[in-house]
Structure formats: structure tokens, C-alpha cells
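Asks: give the three-dimensional model of this entry:
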Amino acid sequence: MEGGLRSAAPRDAWVKPRLLRPQGHGDAVLEATAGVSTMLMDVGGPAITTPHEPTPMALSLSAAPYTPLLPMNQSAMAVSVSPAALQAKEAPTPDVAILPPPPPPPVKPSSPRVRLISSVAPPCSPSAGGPPIRQSKRRRTQRSTVAARRPRAADQPLFAAIEHTAAHISLTVFDAHGRTVATHRIDHRSSAPRKGWAEQCPIAAISAIQACIQSTVEMLQTLGHRVDAVQSVGVSTDGTALVVWDKVSGKPLSNAIVAGDSRATAVAATIAQQKDAVDIAIKTGQVFTAALPACKLRWLCENNVGVKQAQVENRLMCGTMEAWIIYSLCGGDCAYSTDITSAAATGLFDLRGSTWDNEMCELFGVDAVALPHVRTNCESFGELTDVGGLLKGLQISGCISTQQATALGRGGCLSAGTAAVTYGVGEDGMSVSASINTGCTFPISPTTDLRPTVCHQLGPKAPRFFGVVGEAVGATMGLRWLTQQMQLVASIDEAERVASTVRDSGDAFFVSPGSGACGNLMGISQFVSRGHIARAVLDSVCFETHRLLSESTAAAGDCAVRVLHADGPLARHRVLMQLQANATGVPVTAQTVPDDTAASLGAALAGALGAGVLASPERLHSVASTTQRNSLCTFAVSTTAIERAARLHRWNDARRRTAGWTAHI
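Replies: This is a model prediction of the structure:
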């Protein structure tokens with residue numbers, strides 16, 4: 001190799017590099033440690049220098065397109081280093097032999113990409129004089145991603161999105177084509193001061209957002225973008241975290257109660273005795289659980305002295321996390337608002353109207369004036385103040401809950417007759433959840449298992465789209481039984497390979513265990529093999545999904561499903577997705593490549609539409625569909641209606657025979 005590396009570290013601070021693995025096309029990866037700094041270098045591309053204590057670091061020496069190497073253990077920043085600056089006059093010579101590889105084939109020059117990962121925890125302390133707030137002692141993790149492209153035209157519009165979940169906070173900037181330009185993410189965890197509690201510090205959330213803004217804007221400037229190229233900001237949250245704060249001081253009265261908290265279980269049981277659950281589902285689209293923000297709010301009003309006093313003195317302000325973020329970033333009462341999809345998740349909002357439901361507010365012991373103003377998903381929520389840092393003056397012009405933002409970002413479920421299915425398995429649960437867009441028609445016959453919801457409303461003058469949400473509990477439990485309990489196969493991938501060796505299940509049918517019920521395997525004969533059993537288990541997931549969709553379409557007024565969008569851990573399994581298309585009789589568009597930016601992209605596009613940067617919802621759909629094209633795969637139906645009906649009839653017969661059978665332990 002010609003040339004060498006120049007580093008801030010003295011020659012004697014370097015240790016002997018070690019060859020890790022070949023990368024192909026002339027790549028070689030070295031590991032070295034520097035006492036002062038380490039350098040990640042790609043010949044002909046940018047280099048990254050990170051000052052820190054001695055830390056193992058991977059060095060990629062290559063003339064081929066750059067492949068990210070992870071991770072690093074300290075904060076890092078991207079700098080530009082020209083090839084001329086890499087003359088080997090003072091650099092140490094790697095003590096390792098690198099065999100000369102064959103010349104690489106001619107490739108089209110591509111833009112190198114740089115991915116940086118660090119683990120620095122931002123401060124998580126409340127303002128001076130504020131109430132004592134418990135904080136997690138666990139460290140946070142920051143991740144930054146830079147697309148190291150050539151500087152783009154300064155007038156190209158960029159869209160930003162703030163995403164908050166129970167696991168992370170991020171700021172992502174997209175270009176006009178929906179491609180990620182730069183992003184900074186901070187992972188965080190919930191604290192558990194008591195058994196069954198899950199809390200997060202609201203002030204730490206704002207500090208993390210400020211850190212994300214600072215880092216992301218610096219990346220944009222490194223890439224040659226002007227800050228004023230960012231023309232809109234959207235916000236996305238999961239809609240379950242509840243925050244309460246003081247109207248006078250603007251400081252939180254308690255930690256945010258996030259997903260996984262069960263302290264309001266008794267409150268939910270009490271409310272269920274006072275009000276019929278079906279009536280609540282029809283009006284608010286929610287069921288009584290400890291995860292419902294309305295139940296969390298009543299618990300705080302009954303058990304937290306500061307919240308109770310603020311409520312008596314009319315100083316109480318409350319809402320889910322997006323309301324707190326908008327209030328904090330945009331400065332005060334004029335920005336006290338939330339969006340319609342997040343409001344619909346609280347259990348206090350009338351889905352058919354546009355305001356909080358007085359009956360529900362009275363039932364949960366909260367005054368409607370303490371709740372934020374409800375807006376559509378695409379309109380102005382406020383202007384960023386000094387808290388917004390380098391993005392000061394920019395409008396937050398979009399806000400949408402995570403589930404609906406994901407649908408927007410993937411270009412699906414925007415019109416009536418589109419359905420989305422999420423397959424849970426392992427740590428993600430053992431159920432299948434489905435939602436169907438019913439258009440402007442409100443679902444006519446919801447139950448406690450099938451609930452109405454608001455899909456989106458893309459502007460004050462835009463129509464409101466409703467949907468039906470349902471869940472098939474235990475629908476994927478058969479896969480765990482097959483791989484873990486019975487150990488007929490080692491993994492779901494092997495189950496697909498084994499199932500592909502047979503034409504069908506050999507008239508064997510499997511019924512997955514539901515809530516408290518037993519499963520069943522029927523139709524066993526001498527002909528049935530391991531492949532038939534694996535196929536029967538896979539078929540059961542598809543049949544359960546078909547049953548859930550059929551019940552949802554009936555509740556939606558027989559709104560026929562035209563296309564099915566699938567995501568979740570099982571969506572990448574192609575055999576299962578093809579069986580799903582054959583079972584439902586509609587094409588399945590599956591997220592075969594994991595993508596964790598869909599929710600951020602949906603929020604960013606909602607903000608761009610609200611700011612007028614995108615001209616219409618059709619343009620939003622076009623950008624999202626083009627962006628997700630490489631990560632989606634469509635599975636066409638390959639069975640006839642007669643074949644589907646016959647097999648579904650046999651499975652339903654097995655399900656009826658299994659119903660009512662419980663295990664006696």
C-alpha cells in the first residue's frame with residue numbers, strides 16, 4: 001500500500017495493528033489503538049478523528065466504496081481529509097502483511113458513507129427550583145449518521161422530523177426525494193422507582209432533542225447544506241407517554257409515565273365497573289387498560305400531591321409526549337396543542353367530533369380546559385424558540401402518532417381499502433395486529449376486540465380518514481411451539497425450508513392457542529411428515545390473520561381490502577408472506593428489509609405538507625412510495641378462490657372443535 005496514515009497520536013502511542021478480515025475488492029481491515037486519538041480512514045474519501053482514551057478502533061484501507069465499520073465508544077465528529085494530507089512521513093508503518101488482491105472490477109463512482117456511533121449521556125436534571133424528579137442512572141447512547149455526499153444545491157428543500165419513543169429520541173433530515181441526509185439518535189431507558197412503574201424525565205427529553213438538533217445541523221453544514229434549507233419540522237411520538245406540568249412555571253410536576261407502567265391497573269378496573277367497555281370503544285376507540293393515558297392521568301390526580309394541588313388551582317397542564325415537546329420547543333401557552341391521532345389514543349377524545357369528550361373527562365376526573373388544543377396532522381403547531389437552537393424560527397408544521405406516521409412513511413394505508421398487518425414474534429409479542437383504512441366512513445359495529453381509530457387528517461380542510469384496529473392474540477405462538485417446545489426445527493427460516501418441501505399441509509391443520517385457550521393439531525396420519533406439520537403451523541398464522549381481517553371488514557361496513565401491507569419480524573420471511581397472499585386472496589406488500597426510519601419519514605412528510613412544501617397528499621404518497629421501493633416486496637396471489645375457500649373451511653372447522661377446550665393444571 002502506498003502512503004500511510006497521519007494521526008494526532010505520537011508514534012510510540014500506537015500499538016501493533018492486527019489484520020481483522022478481508023473486505024473484498026482490495027479492502028483490508030486493521031485494528032489499532034492510539035493513546036491520544038484514533039483514525040478511521042478510507043483512501044480517497046473522508047476520515048474521522050476522535051479524541052478519547054485508548055479504545056480499539058477499526059481502520060479500513062481501501063480504494064473501493066466505503067463500508068461502515070461499527071462501533072466507536074466515544075463521541076465523534078466528521079472532518080474532511082484530502083488524500084494529499086495522508087503522506088506517510090510521520091505515520092507509523094503497520095506491522096502486518098497485506099496480500100495484493102486482484103484488481104477490482106470497474107465500478108461507478110459512488111458517494112462514501114460515514115456512520116458514527118458514540119455513547120455520551122446528555123444532562124438529565126430538572127431546572128433549578130423544580131420539583132424533585134427521579135432519573136435513570138443508566139447511560140444514554142447517541143448515534144449519528146452522516147451521508148457523506150458532495151455538497152448539494154443550496155436551494156434544495158429539506159424536511160426534518162423529531163421522533164420520540166420509549167426507547168429513543170432522534171432528529172432526522174430528509175431531502176425532497178425522501179432520502180436520509182443526516183440523523184442523530186439518542187437511546188434512553190425508563191427508570192423503575194417501584195415495581196410495575198416505568199418513568200422518564202421530561203426535561204431530559206427536551207435536552208436530548210436539543211442535542212440532536214445541534215449534532216444534525218453540524219452534519220448538514222459539513223455536507224454543504226445551509227441551515228435555512230430545512231423548511232419544516234414534524235413530530236412523531238408513540239402516544240402512550242403521559243406528561244403533566246405547571247401552567248405558571250412550565251415545569252413538570254412528575255416524571256413522564258411511559259409504556260410498560262402498570263400502576264393504573266386498579267383505576268382501569270374501577271372505570272370498567274362504572275362504564276360499559278363497548279360504549280367506550282365506540283366513542284373513543286380505546287379499552288380500559290393501565291396503558292391508557294386517561295387512566296394514568298386519573299391515577300396522578302388521585303395519588304400525586306403536586307398534581308392534585310395544581311388541578312385545584314387550575315394550574316394543571318397535561319398531555320402525551322408530543323404536547324410537551326411542542327409546548328417546550330415553541331414557548332408556552334400559544335403552542336399548547338396536540339394532533340388528532342395522538343388525541344385519539346388518550347381515551348378522552350370523541351373520534352367523530354373535533355374536541356375532547358366532556359363525559360369521558362368527567363369520568364376520568366379531569367377538566368377539558370387542562371387538555372391541549374387538538375389540531376390536524378398537517379398544520380402549524382408553533383414556531384421554534386431559542387430552545388430549538390440552530391433551527392430557531394422554523395415552524396413545527398406536522399404532528400402524528402408513530403403507528404400512523406409509519407403508514408405514511410411507507411406509502412400505505414392512505415386510502416380506503418388498504419390494510420396493515422404487524423406480525424409479532426419473540427420479544428415483540430406473539431400476536432398479529434391489523435388496521436384497515438375505512439376512508440371517511442366511521443366503523444359501524446366496533447367491539448372490544450375491534451376498535452375504531454383515526455388514521456389521519458392531512459390538513460384543516462382535508463377529510464378525516466377512519467380505520468378499524470384489531471388483534472389476534474397468540475396467533476404466532478405456534479411458531480415458538482414448533483421451534484422451542486417441540487424443536488422440530490431450529491428456526492423460522494428452517495421451518496420455511498422444511499415447509500417448502502411439501503405441496504400443502506397434508507390435510508393437517510394447526511390452531512394456535514389464544515388468550516387462555518389451548519391450541520390443537522388435527523388431521524395427523526401416517527402420511528403427515530415434519531414438513532406437513534411445519535406447513536400447518538405457518539398456515540395457521542395466515543388463517544388467523546385472514547379471520548382478523550374478515551371481522552375487521554365486517555365492522556368497517558364490508559369495506560373490501562384491496563392490498564395488504566405487512567411489517568414486523570415475520571414480514572421478511574418470504575414463504576410465509578406468499579402463504580399469506582394465498583390465504584387472504586389479496587396481494588401482500590411486505591417490509592422484507594428492516595427500516596427504522598419510516599415513522600420519521602412519515603412525520604417529516606406531514607410537516608412538509610403542513611408547511612406547503614409538498615403540494616398535495618398525492619405528492620406525499622409519491623415520495624414515500626419511491627423511498628420505500630427498495631425495501632418492499634410484493635407477493636401476488638397464486639391460488640384460486642375455490643382452493644382458498646376449501647382450506648379455510650377446514651381450518652375453521654378445526655378452530656370450532658378446539659373452542660372451549662382448556663388445559664387443567
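
Asks: ok, N358 - how many residues close by?
Replies: For N358, the number of neighbouring residues by other CB atoms under 10 Å comes to 12. Bear in mind the C-beta positions are built from the backbone N, C-alpha and C, glycine included.

Asks: excluding its backbone neighbours, what's nearest it?
Replies: Nearest residue to N358, sequence neighbours excluded (CB to CB, 6 or more residues apart in numbering): A368, at 6.2 Å.

Asks: pretty sure the one you found sits against M360.
Replies: No. Using CB atoms under 8 Å, A368 is not in contact with M360; the gap is 9.3 Å.

Asks: these two: who's more crowded?
Replies: The neighbour comparison of A368 against M360 (other CB under 10 Å) goes to M360, with 22 against 13.

Asks: and the more buried one, that's in a helix?
Replies: Yes. Counting by DSSP: H, G, I helix; E, B strand; the rest coil, M360 falls inside a helix.

Asks: which residues touch the residue nearest to A598 when sequence neighbours are not counted?
Replies: Closest residue in space to A598, ignoring its immediate chain neighbours: G409 at 3.6 Å, by CB to CB, 6+ apart. Each residue near G409 by CB atoms under 8 Å, 6 or more residues apart in numbering is listed here: 597-603, 605, 624, 627-628.

Asks: which ones among these map onto helices?
Replies: 598-603, 605, 624, 627 (DSSP state H).

Asks: who touches K296 in this structure?
Replies: Here K296 is in contact with 242, 257, 261, 263-264, 290 (CB under 8 Å, 6+ apart).

Asks: phi first, then psi, for it.
Replies: For K296, the backbone dihedrals (degrees, to the nearest 10) come out as phi -60, psi -40.

Asks: just to revisit the earlier point, now pLDDT and distance to S232 too, for the ones in helices among the contacts of G409, in JSON lines please.
Replies: Output for the ones in helices among the contacts of G409, formatted as JSON lines (pLDDT from 0 to 100; distance: CB to CB, whole Å):
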{"residue": "A598", "pLDDT": "84", "distance to S232": "18"}
{"residue": "A599", "pLDDT": "88", "distance to S232": "16"}
{"residue": "S600", "pLDDT": "91", "distance to S232": "13"}
{"residue": "L601", "pLDDT": "91", "distance to S232": "13"}
{"residue": "G602", "pLDDT": "91", "distance to S232": "13"}
{"residue": "A603", "pLDDT": "93", "distance to S232": "10"}
{"residue": "L605", "pLDDT": "93", "distance to S232": "9"}
{"residue": "A624", "pLDDT": "81", "distance to S232": "15"}
{"residue": "T627", "pLDDT": "75", "distance to S232": "17"}
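
Asks: dump the residues you listed into CSV; add neighbour count and distance to A556 as well.
Replies: Formatted as CSV, these follow (neighbours: other CB atoms under 10 Å; distance: CB to CB, whole Å):
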residue, neighbour count, distance to A556
A598, 23, 24
A599, 28, 24
S600, 28, 29
L601, 30, 27
G602, 31, 22
A603, 33, 26
L605, 33, 26
A624, 22, 23
T627, 23, 29
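
Asks: closest one of those to P587?
Replies: Of all these, A624 has the smallest distance to P587: 18.1 Å, by CB to CB.

Asks: which one is E379 nearest to, not counting chain neighbours?
Replies: G610 (5.1 Å).

Asks: show the pLDDT at that neighbour.
Replies: Note on G610: pLDDT of 93.

Asks: again, but for the one 5 residues further on
Replies: Taken from the predicted model, the pLDDT recorded for A615 is 84.

Asks: burial of it, as a residue count?
Replies: Using other CB under 10 Å: A615 sits among 10 other residues.

Asks: so it: helix, strand or coil?
Replies: A615 ends up coil, using three-state DSSP.

Asks: look up how far A176 lies from it.
Replies: Per CB to CB, to the nearest Å, A615 is found 12 Å from A176.

Asks: next one: L408
Replies: 16 Å.

Asks: looking at the two, which is more packed in?
Replies: Under the criterion of other CB under 10 Å, the comparison of L408 against A176 puts L408 first, with 31 against 14.

Asks: and that one, that one's in a helix?
Replies: Yes. Under three-state DSSP, L408 sits within a helix.

Asks: now do the contacts for it.
Replies: 400, 414, 456, 601-603, 605-606, 620, 624.

Asks: and those residues, which is closest to L390?
Replies: Of the contacts of L408, the one sitting nearest to L390 (CB to CB) turns out to be A603, at 19.4 Å.

Asks: these two touch, right, that closest one and I396?
Replies: No. Counting by CB under 8 Å, A603 does not reach I396; the two are 10.1 Å apart.

Asks: for the stretch 151-300 of the chain, which spans come out with low pLDDT?
Replies: 151-155, 277-278 (pLDDT under 70).

Asks: go with 80
Replies: Within the stretch 151-300 of the chain, the stretches with pLDDT under 80 are 151-155, 274-283, 287-288.

Asks: okay, and F466 sits in which element?
Replies: strand 465-472 (DSSP states H and E).

Asks: in the chain, where's the longest helix?
Replies: helix 530-555.

Asks: residue contacts, T453?
Replies: Contacts here follow CB under 8 Å, 6+ apart; on that basis T453 touches 285, 344, 351, 435, 466-469.

Asks: let's see that with 10 Å instead.
Replies: 284-286, 341, 344-345, 351, 401, 403-404, 435-438, 443, 446, 465-469 (CB atoms under 10 Å, 6 or more residues apart in numbering).

Asks: same question, I396
Replies: Applying CB under 10 Å, 6+ apart, the residues contacting I396 are 160, 162, 232-235, 322, 325-326, 329-330, 335, 337, 379-384, 388, 607, 610-611.

Asks: quick check: closest non-adjacent residue to it.
Replies: Closest to I396 by CB to CB, 6+ apart is F381, at 4.4 Å.

Asks: surely the one you found touches G331?
Replies: No. Contact criterion CB atoms under 10 Å: F381 and G331 do not qualify, at 11.7 Å.

Asks: so the two - more neighbours on which side?
Replies: The neighbour count for F381 versus G331, taken as other CB under 10 Å, is higher for F381 (29 against 17).

Asks: how many neighbours does R656 have?
Replies: R656, neighbours per other CB under 10 Å, totals 10.

Asks: ok, A599 touching D567?
Replies: No. A599 lies out of contact with D567 (CB under 10 Å); the separation is 11.2 Å.

Asks: and for those two, which residues touch both?
Replies: Both A599 and D567 are in contact with 406-407, 410, where contact means CB under 10 Å, 6+ apart.

Asks: out of those residues, the closest to R315 would be?
Replies: Looking across the shared contacts of A599 and D567 and measuring by CB to CB, the closest to R315 is T406, at 35.9 Å.

Asks: roughly how far apart are the closest one and E383?
Replies: Following CB to CB, the distance that separates T406 from E383 is 27 Å.

Asks: R375 now?
Replies: R375 is 14 Å from E383, by CB to CB.

Asks: just the angle between the one helix or strand N652 maps to and helix 530-555, please?
Replies: Using DSSP H and E, N652 falls within helix 641-658. Helix 641-658 runs at 90 degrees relative to helix 530-555, counting by axes from the mean of the first three to the mean of the last three CA atoms, to 10 degrees.

Asks: buried set for stretch 283-291?
Replies: 283-288, 290-291 (16 or more other CB atoms under 10 Å).

Asks: got a markdown table for those, with secondary structure and distance to R497 too?
Replies: Output for those, formatted as a markdown table (DSSP: H, G, I helix; E, B strand; the rest coil; distance: CB to CB, whole Å):
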| residue | secondary structure | distance to R497 |
| --- | --- | --- |
| K283 | helix | 48 |
| T284 | helix | 46 |
| G285 | coil | 41 |
| Q286 | coil | 42 |
| V287 | coil | 40 |
| F288 | coil | 44 |
| A290 | coil | 41 |
| A291 | coil | 38 |
